[in-house]
Structure formats: C-alpha cells, structure tokens
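Asks: Sequence below, structure please.
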Amino acid sequence: MITALLMAAGVLIMALGIIVSIALHEVGHLLPAKLFKVRVTQYMVGFGPTLWSKTKGETEYGVKAVPLGGYVAMIGMYPPPEEPGRDEAASQGDDAGPTDPYLQQVGAQYVAPPIERSSAAERVPEGRKTVMSHSTGIFQQMSQDAREVAAEELRPGDENRMFYTLATWKKVIVMLGGPAMNGLLALLLTAGTVSLHGMNTTTTQVADVFECIATVEAEDAAESLAERECAEGDPPGPAYAAGLEPGDEILAFGGSEVREWEDLTPLIRDAAGEPSQLVYLRDGEQQTTEVTPILTERPVEGRFGRAERDSDGALVTEPVGFIGVVSHTEVQTQPPWEAVPIVAEQTQAVGEVVLNLPQRMYDVAVSTFTEAERDPEGPMSVVGVGRVAGEISAQDQIPWESRFATLMSLVAGVNIALMVFNLIPLLPLDGGHVAGALYEALRRRWAKLRGKPDPGPFDISKLLPLTYVVAVLLIGMGLLLIFADIVNPIRLFE
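Replies: As a prediction, this is how the structure comes out:
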C-alpha cells in the first residue's frame, strides 16, 4: 500500500512538473508578444474542452482538459493575400516590418462584418474577393481558408498589432521565448539540485577491490558486485594482489598526483603491463605499493556513465589497462554554476537523439514488438517519464531528499527535451516559425540587393500541408512511445 502511494506521489509530482513546464513555455511566448504590442487573444494550457478560463484585458487565460501541450493565440499569424498592383513603395525593408495596402483597409472593411453575414465570400472586402477565390487546388484552398479564419479575429486598431507585421528579430524572439523559458527552467532546477542537495560524485577512496578479473560477460550477468564470482582461469586482481583494501584513499599513481578519480582512470588504462607505483592513505598513514595493470576488455562508458551496447544488446568493449577497483561515491554539493555544463551535456545528448530520431523510433518499434532490449537512453513518452518517476519515489531505501532531488532532475530533463524538440525547424514547432521568419528576411534582403521590389511577407499558411504531415507524424510517434512505455517500459530498477 505504501509503495503504491509513493509511486502515485512520484507520478503526481512529475505530472505537475510537466504541466508547469508547458505553462511556462507558453509564458515565454506570451511576454515578448505583449511587449511588442501583438494582440494575444488566448493563453491556454492543454488542448480539448476548456475546463476553466478568465478573460483579463484582451486575452483569455485558461486550462483545457488534455494537459499535453498548450498554445498562445496571436492575431495576424498569416498575412493577407497579395493584391495585384500592390504598392511597392510601401515597403520599408527587412527591419521595419512588412506593410501592405490591406493594412489600411483592415479596420474599416474587414474586421467588423455584420453578424448576419455567414459565408466566407461575404466576409471578404470588395476588391479582394477575386484574389481570394482564385485558388484551384486543395493546398491553395487550405492556405486561403486559414487566412480567412485568422482574419475574422481582426478588429479596428489591429493594423500594427499583427504578428506578421513584426520585424524579423522580434518574430524570432517571440518564437524562441518558449524554448528559452524551458532552458532557463532546466538551469534553475539543476542549479538548485546540485547546490542544495548535491550530486553523486566519485571520490579517490576505494569502495571495492576485485579478487579476480572476471570477464565482462560474467560481470554483466551478475546483478550486483556482491554476486560477482571468480571462475577457473580468471586472473587475480592486480590491486588485490598489491594489498589494496576498501577504504584506502589513492593519492598518486605512476608518479602522477591523483586529486579526483577521473585523474586515476586514464593513468591506469594507459599503463597496461607496466609496473607502477601506487601511493595510498590507510588509517591516516601514507603507504606505497606496486601494481601492474593487466590488459583486458572493459565496457565502453557512454554518456552519464552507462555502458554502451550494440544493436544486439551486447556490451561494447575495448582493451585497456585495469587493476580491479571501484570508486566510492558520495553526494557532494556543487556551486550553482556547475549546472551549466550539466545542462549543456544533457542538451547535446537530447540533440543527438533528435538528429537520429527516425532510427531511434525504429529501434523503439523493434524492441516493442520483439524481444530486443530497449535503449535506456532512447526517447520516452510522458507515460514513460511518469512511470520512471513512480519507480524513483517507491525506492524507500533511498533517502526521501535524494528521491525528490532526482525527480527535480527528471523535470529538468523534460524541459531540456521540450527546448530541443521545439527548435526543430519544422512547422508547427517553434523552430518552424523561426525558420519562416529568417527565410522572409533573407528573401527581402536578396530582393533589395538585386534591386527588385520587396516580395512582401512570407505566407507560412502555404506550408499547411507540410504542417499537417508533421503533426500526423508527431501524433504517431507519441502513440508508439506511449504503447512502448506500457508494454516494454524503460526501468531504472530491476
């Protein structure tokens, strides 16, 4: 019963963390949009039916039933259709933001149609009906319909408050505000965790000494170091033969001072077959011995200290020097700025997953529908993240403060994933809008350099077919990950 309650608490904490992260992501879009005077009609956390909302000023703030995302609705995301004979002199260049004769007509002719008009054709101002009804293909119709729906929200006074009229740098700031907020939240959570609670840190103290050097396969099969057994033919452990014991603190190896365990590891790996002097501290007394690392196959450590595995699930190994000792780890507090390299490393790891997303998703599918082992560093859905959070909370042998710190680190990881994923330069993601804004600026600058007329704003509504394809792929990917996290979840504790 207690275990179930602890798991439920972990899932609840993670769910709240994800909802808050999504809400702050949207705040990252909301604040710069309002700063640049764009009229924001809605700020919503979640999708589907509205559970609660309140209108303050010109913006409706609310929470919807499905907390798997959110959005900020800004007017003028799509520019109006181009008019034949558009006044080229109205253009003010890349930094001034686009201008169009249509902007002068918006308040008077377009945004306040009589209530009894219901058809799209009747809502189009005179002089523009021919242009807007000219599309002949389904893709053009998608773009036209989207612009018509967007234009229905316009009202007098919105001429200079539409998103597409912003200068390029302002558009980029608005769209990058969401990912930036997630990155900032990840930094704050990580800084708080490492400075207030600390992080597992290897020390120069010996925690265990191997009596023999077993094969990596035998070590991998053992569930713990305590269950490791020596087999006939296994060579004796060099450190054990040299008299090293648990609790000894290593001071130097091969004439080089050892301040951190990370200093010792490469020294041992490069000294295979070479007798080396080892200086250590035992019971306050400095002692010296000689140890000869043996050349043996050892697992290749991947990111975050996990052993790398090949596509068949076997350990990836390399021949290195080895003496058979394990470092003692303890939780040590770190200065807050140590969060920067930690978040940078995690961001790089998530970026590599995103760059290889098709292959990663294929691996998830294979491991889900076959007996292949699932990659613990692969993508997960919110279901998987919640399950991992529940497992962490249920480990009653771990101090509660360590469990809570781990959950906060997990929330930080979710924010890193949100940040990186939203930077993908495809609509409907934030990176797609940034790419559109940069393309628009490049197109205008190129036209100016060639002495050509300003081509006007780039109409992202023309990319709606691609947007729908990406959205379908994202939904399919999410469903596959949810199914995988149910039938073949990633487990931190076996």
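Asks: Tell me which residues of the top helix by length along the chain come out buried.
Replies: Longest helix in the chain, counting residues (DSSP state H): helix 2-35. Applying a neighbour-count criterion of 16 or more other CB atoms under 10 Å, the buried positions in helix 2-35 are 6-7, 9-11, 13-14, 17-19, 21-34. Glycine gets a C-beta too; all of them are placed from N, C-alpha and C.
Asks: Assign a three-state SS to the residue most central in space within the chain, would you?
Replies: The chain has A417 as the residue nearest its centroid, 1.1 Å off, counting by CA atoms, centre = their mean. The three-state label given to A417 by DSSP: H, G, I helix; E, B strand; the rest coil is helix.
Asks: Quick check: it touching V350?
Replies: Yes - when contacts are counted by CB atoms under 8 Å, A417 is listed as touching V350 (5.4 Å).
Asks: other SSEs contacting the longest helix of the chain?
Replies: In terms of contacts (3 or more CB pairs under 8 Å, 6 or more residues apart in numbering; DSSP states H and E), helix 2-35 is packed against strand 40-56, strand 59-74, helix 168-192, helix 382-393, helix 400-422.
Asks: now with 10 Å?
Replies: Judged by 3 or more CB pairs under 10 Å, 6 or more residues apart in numbering; DSSP states H and E, the packing partners of helix 2-35 are strand 40-56, strand 59-74, helix 168-192, helix 382-393, helix 400-422, helix 430-449.
Asks: so the fourth one versus helix 2-35, what angle?
Replies: I take that to be helix 382-393. Between helix 382-393 and helix 2-35, the angle comes out at 130 degrees (axes from the mean of the first three to the mean of the last three CA atoms, to 10 degrees).
Asks: helices and strands around helix 382-393, which ones?
Replies: helix 2-35, helix 400-422, helix 464-487.
Asks: and the first one, what's its mean pLDDT?
Replies: Confidence over helix 2-35, taken as the mean pLDDT, stands at 90.
Asks: The last one now?
Replies: Over the span of helix 464-487, the pLDDT mean works out to 89.
Asks: for stretch 60-75, which positions count as buried?
Replies: 60-62, 64, 67, 70-75.
Asks: ok so, going back, just put the helices and strands packed on helix 2-35 in a markdown table and tack on mean pLDDT.
Replies: Formatted as a markdown table, the helices and strands packed on helix 2-35 follow (pLDDT from 0 to 100):
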| stretch | mean pLDDT |
| --- | --- |
| strand 40-56 | 92 |
| strand 59-74 | 89 |
| helix 168-192 | 95 |
| helix 382-393 | 87 |
| helix 400-422 | 92 |
| helix 430-449 | 92 |
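Asks: so what pLDDT did Q92 get?
Replies: In this model, Q92 is scored at 43, pLDDT.
Asks: And the helices and strands packed on helix 2-35: which comes nearest G321?
Replies: Nearest to G321 among those is helix 400-422 (33.1 Å), distances taken as CB to CB.
Asks: what helices or strands is that closest one leaning on?
Replies: By 3+ CB pairs under 10 Å, 6+ apart, helix 400-422 packs against helix 2-35, helix 168-192, strand 199-209, strand 325-332, helix 339-355, helix 382-393, helix 430-449.
Asks: Now tabulate the ones you listed in a markdown table and tack on distance to L480.
Replies: Listed next are the helices and strands packed on helix 400-422 as a markdown table, based on distance: least, CB to CB, whole Å:
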| stretch | distance to L480 |
| --- | --- |
| helix 2-35 | 19 |
| helix 168-192 | 23 |
| strand 199-209 | 33 |
| strand 325-332 | 36 |
| helix 339-355 | 15 |
| helix 382-393 | 12 |
| helix 430-449 | 22 |
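Asks: and T55, which of the ones you listed is closest to it?
Replies: helix 2-35 (14.5 Å).
Asks: so who does Q395 touch?
Replies: 3, 6, 10, 402-403, 406, 492-493 (CB atoms under 10 Å, 6 or more residues apart in numbering).
Asks: would you list those in TSV and tack on distance to S53?
Replies: Formatted as TSV, these follow (distance: CB to CB, whole Å):
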residue	distance to S53
T3	38
L6	35
G10	30
S402	39
R403	36
T406	35
L492	39
F493	41
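Asks: and which of those residues is nearest to K54?
Replies: Nearest to K54 among these, with distances taken as CB to CB, is G10, at 31.4 Å.
Asks: And the buried residues of stretch 60-75, which is closest to T288?
Replies: Nearest to T288 among the buried residues of stretch 60-75, counting by CB to CB, is P67 at 61.6 Å.
Asks: Nearest residue to that closest one in space, please, no chain neighbours.
Replies: G46 (4.4 Å; CB to CB, 6 or more residues apart in numbering).
Asks: Quick one: neighbours of that neighbour, just the number.
Replies: By other CB atoms under 10 Å, 20 other residues sit near G46.
Asks: go on, H197?
Replies: Neighbourhood size, H197 [other CB under 10 Å]: 18.
Asks: With V300 instead?
Replies: So V300, with other CB under 10 Å, has 13 neighbours.
Asks: Tell me if I'm right that it and E318 touch.
Replies: Yes - here V300 reaches E318: they are 5.4 Å apart, a contact under CB atoms under 10 Å.
Asks: what's across from the closest residue to Y43 other than its chain neighbours in the sheet?
Replies: Spatial nearest neighbour of Y43, excluding adjacent residues (CB to CB, 6+ apart): Y61 at 4.9 Å. Here Y61 sits in beta bridges with Y43, K54, as judged by DSSP bridges.
Asks: Now for Y61: which residues touch it?
Replies: Counting by CB under 10 Å, 6+ apart, Y61 touches 30, 40, 42-45, 52-55.
Asks: Adding distance to R450, write those out as JSON lines.
Replies: Output for these, formatted as JSON lines (distance: CB to CB, whole Å):
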{"residue": "L30", "distance to R450": "38"}
{"residue": "V40", "distance to R450": "37"}
{"residue": "Q42", "distance to R450": "41"}
{"residue": "Y43", "distance to R450": "41"}
{"residue": "M44", "distance to R450": "43"}
{"residue": "V45", "distance to R450": "46"}
{"residue": "W52", "distance to R450": "53"}
{"residue": "S53", "distance to R450": "49"}
{"residue": "K54", "distance to R450": "51"}
{"residue": "T55", "distance to R450": "47"}
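Asks: that older thread, what residues are shared contacts of A417 and V350?
Replies: P379.
Asks: quick one: G177 from G183, how far?
Replies: Separation of G177 from G183 (CB to CB, to the nearest Å): 11 Å.
Asks: Quick check: neighbours shared by the two?
Replies: G28.
Asks: So what's the residue count around A180?
Replies: 17.
Asks: and if you look at K448?
Replies: The burial count for K448: 15, using other CB under 10 Å.
Asks: do D234 as well
Replies: D234 has 15 nearby residues by other CB under 10 Å.
Asks: Next: L492.
Replies: 12.
Asks: That one against V385, yeah?
Replies: No - the criterion here is CB under 10 Å, and L492 misses it with V385 at 11.6 Å.
Asks: before we move on, the earlier item: if you compare the directions of the longest helix of the chain and helix 400-422, what angle comes out?
Replies: Angle of helix 2-35 versus helix 400-422, following the same axes, to 10 degrees, is 40 degrees.
Asks: Kindly indicate which of the contacts of Q395 lies nearest Q332.
Replies: Among the contacts of Q395, and counting by CB to CB, the member closest to Q332 is S402, at 12.7 Å.
Asks: which residues touch the closest one?
Replies: 197-198, 200, 331, 392, 395.
Asks: any idea whether E377 is helix, strand or coil?
Replies: coil.
Asks: Quickly note the distance from it to M419.
Replies: For E377, the distance to M419 - CB to CB - is 18 Å.
Asks: These two - which one has more neighbours?
Replies: Under the criterion of other CB under 10 Å, the comparison of E377 against M419 puts M419 first, with 27 against 18.
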